[in-house]
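Colleague: Structure here, sequence nowhere to be found:
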């Protein structure tokens, strides 16, 4: 809220960061693992007194230098440029918290550059032992860069004791530091072997080509196998919310995990095949497939790591929309627009409601949602929701979908955002009514489900189900799909929604679920008062009297708590109670 929003409606910032970061990570990890690969391959050439292998190492070093120092350097700068535009608040916090760590990393990076240039340009001009020392200096510096950046990156997911003491070392050596360092190191070594595959295919000498392909395959396969237990170690130390997201509670992570698992399995199969199969099967196209699957494995991990922080960009500190968690209560009382520095509308009025809602969307939602784009498109996700359903959904969005930040602001601002998302994007009417009694199930569906599933998409899934089965499914949604949260509404709400869902495929059917008012009465009143006990006390009451009594139960009897249900729920219960009395007027 302290910085302007870089608005690219169709692309969005999150996807752009991911694309740049994954490409850079793929190269930067090669810069680490490749350093060790070069030293060990050169050692192999010296030990075997093979000029052909030494020539390969020199050619591979040139490719390595151009890719890591030139393209890697460009993508590294691109990351800083992109995050400073998209997440300036988080970037500023990381720089101020770890400025000493960044300074040390830049020193090691400078040593990397110098050592790699010396290593390449002194091939054949320096004795083997000294040349190897230069190679080890490069690898040591590159791995120390990984060591330092790993601590800062994992701080964003698991700040640990830093949350309470704000100590540099507590934040740096956070709970996921060591498992992440192990996993990233093995991934770096695996990528080095995969890149070794690629350059080895260009060797003209067939014997040397197959020797280095096999050598690279053993290197990559061993590292891939070792990455698996370190990956499980990483997952085991995640905090509970992140662990649940990785476990399937987030649809985005579930898709990424599927891609990563598939890529890992295919990669392992290809590596084994390239090591064991007839040398004639070691074609360049197969090697390219190895690179693609390796990128899929690494890319899936990075995507999962990023998504596991949701709804935060820095866990338990700053939400993904750059709002600090510690400021939420104050902003809810005083208003978001009042404190946002880069908005035109400082308060919501009748004349600026949609424009103010648009600014609230940009500052609180655009960090994850595009407008008409292909990644988390807010237009398609809100098309099935009415204004009233949207308003209620936004009020409890963080509870229903943990990986989404809570709306922060006053109730008037919440209504403005709901207005923009419905009337502004879809020209829907702005009505505050809660819907007719017969539409209650539809209203509940819109409030709780329509943001992810349109009625048309659900209809074929439950075709052939009887109403009892539909109703039972609402009690076990995570069992049907781990990405779906529990629906914790009262039984009456579930009954009403089940009736609506059943009616999608059976428009003329008579609902067999309980009267919503009966279920509400059973949930809230029957434990103390049977209907037979209540009837004599309400004899002669009109429907209006019954309904108004539900607004002041504690006034009627100090031992009774006030009923905090919605107006629609009170209407339903009043209708049920009147029916039980024979239809009082």
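Modeller: Here it is on my side, so go on. In this text the structure is predicted, and so the values were computed from the model without any measurement.

Colleague: How is this protein divided into domains?
Modeller: Domain segmentation of the chain under automatic domain parsing yields 13-319, 325-505, 528-580.

Colleague: Pull the contacting residues for residue 452.
Modeller: With contact taken as Cβ atoms under 8 Å, 6 or more residues apart in numbering, residue 452 is in contact with 251, 381. Backbone N, C-alpha and C define where each C-beta goes, glycine included.

Colleague: Summarise which helices and strands the helix or strand bottoming out on mean pLDDT in the chain is packed against.
Modeller: The helix or strand of the chain with the lowest confidence, counting by mean pLDDT, DSSP states H and E, is helix 516-524 at a mean of 76. Under the contact criterion of 3 or more Cβ pairs under 8 Å, 6 or more residues apart in numbering; DSSP states H and E, helix 516-524 touches helix 491-505, helix 567-580.

Colleague: what about the lengthiest helix in the chain, average pLDDT?
Modeller: Using DSSP state H to define each element, the chain has its longest helix at helix 13-48. Across helix 13-48, the average pLDDT comes to 90.

Colleague: How far away from the center of its chain is it?
Modeller: How far helix 13-48 lies from its chain's middle: 26 Å, per Cα atoms, centre = their mean, to the nearest Å.

Colleague: in it, what's buried?
Modeller: Neighbour-count burial for helix 13-48 flags 13-18, 20-42, 44-46 (criterion: 16 or more other Cβ atoms under 10 Å).

Colleague: Show me what counts as buried in the helix or strand just after that helix.
Modeller: Going down the chain from helix 13-48, the next helix or strand is helix 51-65, by DSSP states H and E. Buried positions in helix 51-65, judged by neighbour count with 16+ other Cβ under 10 Å: 52, 53, 54, 55, 56, 57, 58, 60, 61, 64, 65.

Colleague: State the mean pLDDT of helix 51-65.
Modeller: Taken as a whole, helix 51-65 has a mean pLDDT of 93.

Colleague: Then stretch 156-165?
Modeller: 94.

Colleague: from now on call the first residue 26
Modeller: Okay, residue one is now 26; in that scheme the one you just asked about reads as stretch 181-190.

Colleague: What is the end-to-end distance of that stretch?
Modeller: Using Cα to Cα, to the nearest Å, the end-to-end distance of stretch 181-190 comes to 16 Å.

Colleague: ok, residues contacting it?
Modeller: Contact with stretch 181-190 is made by 115, 119, 122, 180, 192, 195-196, 198-201, 262-264, 267, 330, 333-334, 338-342, as judged by Cβ under 8 Å, 6+ apart.

Colleague: for stretch 296-310, same thing?
Modeller: By Cβ under 8 Å, 6+ apart, stretch 296-310 touches 222, 226, 231, 235, 238-239, 242-243, 245-246, 249, 311-312, 315.

Colleague: Stretch 433-442 too?
Modeller: Outside stretch 433-442, the residues that touch it by Cβ under 8 Å, 6+ apart are 344, 348, 352-353, 356-362, 373, 378-379, 381-382, 385-386, 389-390, 416, 419-420, 432.

Colleague: pLDDT (mean, whole number) over it?
Modeller: 96.

Colleague: thinking again about what came up before, can you flag the buried ones in the contacts of stretch 433-442?
Modeller: Among these, those scoring as buried are 344, 348, 352-353, 356-357, 360-362, 373, 378, 381-382, 385-386, 389-390, 416, 419-420, 432 (criterion: 16+ other Cβ under 10 Å).

Colleague: from those residues, which ones fall inside helices?
Modeller: The helices, defined by DSSP H, take in 353, 356-357, 361-362, 378, 381-382, 385-386, 389, 416, 419-420 from these.

Colleague: low-scoring stretches of the stretch 226-375 of the chain, by residue?
Modeller: 303-306 (pLDDT under 70).

Colleague: now with 80?
Modeller: Along the stretch 226-375 of the chain, segments meeting pLDDT under 80 span 273-277, 299, 301-309.

Colleague: ranges for the helices of it?
Modeller: Applying DSSP state H, counting those that start in this stretch to the stretch 226-375 of the chain gives helices spanning 231-261, 265-269, 276-301, 309-333, 353-359, 361-364.

Colleague: Out of those helices, which is closest to residue 108?
Modeller: helix 309-333 (11.7 Å; Cβ to Cβ).

Colleague: Could you list the buried residues of the closest one?
Modeller: Within helix 309-333, the residues that count as buried by 16+ other Cβ under 10 Å are 312, 315-316, 318-333.

Colleague: mind checking how far the closest residue to residue 417 other than its chain neighbours is from residue 465?
Modeller: Of all residues not flanking residue 417 in the chain, residue 472 sits nearest, at 4.7 Å (Cβ to Cβ, 6 or more residues apart in numbering). From residue 472 across to residue 465, the span is 11 Å (Cβ to Cβ, to the nearest Å).

Colleague: Would you state the helices of the stretch 376-525 of the chain in chain order?
Modeller: In the stretch 376-525 of the chain, the segments counted as helices under DSSP H, counting those that start in this stretch are 378-389, 403-407, 412-420, 422-425, 436-444, 450-451, 465-473, 480-483, 492-498, 502-505, 516-530.

Colleague: Can you tell me the element residue 166 falls in?
Modeller: Assigned by DSSP H and E, residue 166 falls within helix 153-182.

Colleague: hang on, the earlier thing: now for the ones in helices among the buried ones among the contacts of stretch 433-442, which pair is the farthest apart?
Modeller: Most distant of these, by Cβ to Cβ, are 353 and 378, 22.9 Å apart.

Colleague: Would you mind putting the helices of the stretch 376-525 of the chain into JSON lines with distance to residue 605 alongside?
Modeller: Putting those into JSON lines (distance: least, Cβ to Cβ, whole Å) gives the following:
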{"stretch": "helix 378-389", "distance to residue 605": "43"}
{"stretch": "helix 403-407", "distance to residue 605": "40"}
{"stretch": "helix 412-420", "distance to residue 605": "29"}
{"stretch": "helix 422-425", "distance to residue 605": "34"}
{"stretch": "helix 436-444", "distance to residue 605": "36"}
{"stretch": "helix 450-451", "distance to residue 605": "42"}
{"stretch": "helix 465-473", "distance to residue 605": "20"}
{"stretch": "helix 480-483", "distance to residue 605": "33"}
{"stretch": "helix 492-498", "distance to residue 605": "23"}
{"stretch": "helix 502-505", "distance to residue 605": "32"}
{"stretch": "helix 516-530", "distance to residue 605": "15"}
